[in-house]
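Novice: What follows is a protein structure lacking sequence information:
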Ligand SMILES: [Zn+2]
């Protein structure tokens, strides 16, 4: 179970990151709670321009990492215990085994990219959204 105090600190850090924040300042903030290895892995995903924001005409947003079928959820309002989720095996296994685990590199990259407006935006109609969700829900053996 994640400490609610830790979640409040992380929310504060993310709220302090804006499109105007210098990346070194963002890294300094993130370093107070996340490992350097996780931060570098997340920044690599952002540098490779892989964070995609699928936006529907009615304003719904789904996030993804290009080249994967991971379903990434940020700031889920009904998830009081942990508002972030990813369908990658690291997230699922770490959630069960690592104390105070909060984010994998995909969720961290997506959260940073969304705060800094560094996501690639992909206009998504209803058919593309259905295809995206179908890919995300397809079970792929490890
Ligand atoms: Zn992940």
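Specialist: Ah, there it is. Quick caveat: nothing in here was measured; it's all calculated off a predicted structure. Numbering: from 1, shown residues only.

Novice: Residue numbers of this protein in contact with the ion?
Specialist: The chain comes close to the ion at residues 86, 88, 91, 104, 106, as judged by Cβ under 5 Å from the ion. No exception for glycine: its C-beta is placed from N, CA and C like everyone else's.

Novice: so the first one sits right up against residue 101, yeah?
Specialist: No. In terms of Cβ atoms under 8 Å, residue 86 does not count as a neighbour of residue 101; the distance is 11.2 Å.

Novice: about what we covered before: take the residues of the chain next to the ion and keep only those in strands.
Specialist: residue 86 (DSSP state E).

Novice: Give me the subset of the residues of the chain next to the ion lying in helices.
Specialist: 91, 106 (DSSP state H).

Novice: Between the residues of the chain next to the ion, which sits nearest residue 120?
Specialist: residue 106 (14.5 Å; Cβ to Cβ).

Novice: Tell me how many other residues crowd the closest one.
Specialist: Neighbour count of residue 106, defined by other Cβ atoms under 10 Å: 27.

Novice: Kindly report the same for residue 108.
Specialist: Neighbours of residue 108 using other Cβ under 10 Å come to 24.

Novice: isn't it right next to residue 38, touching?
Specialist: Yes. Using Cβ under 8 Å, residue 108 makes contact with residue 38 at a distance of 6.1 Å.

Novice: thought residue 132 was touching residue 66?
Specialist: No. The criterion here is Cβ under 8 Å, and residue 132 misses it with residue 66 at 11.8 Å.

Novice: higher neighbour count, the two?
Specialist: Taking neighbours as other Cβ under 10 Å, residue 132 and residue 66 compare with residue 132 leading, 18 against 12.

Novice: quick one: average confidence on the host helix or strand of that one?
Specialist: Using DSSP states H and E, residue 132 falls within helix 126-137. Predicted confidence along helix 126-137 averages 84 (mean pLDDT).

Novice: Kindly report the same for stretch 90-100.
Specialist: Mean pLDDT, stretch 90-100: 88.
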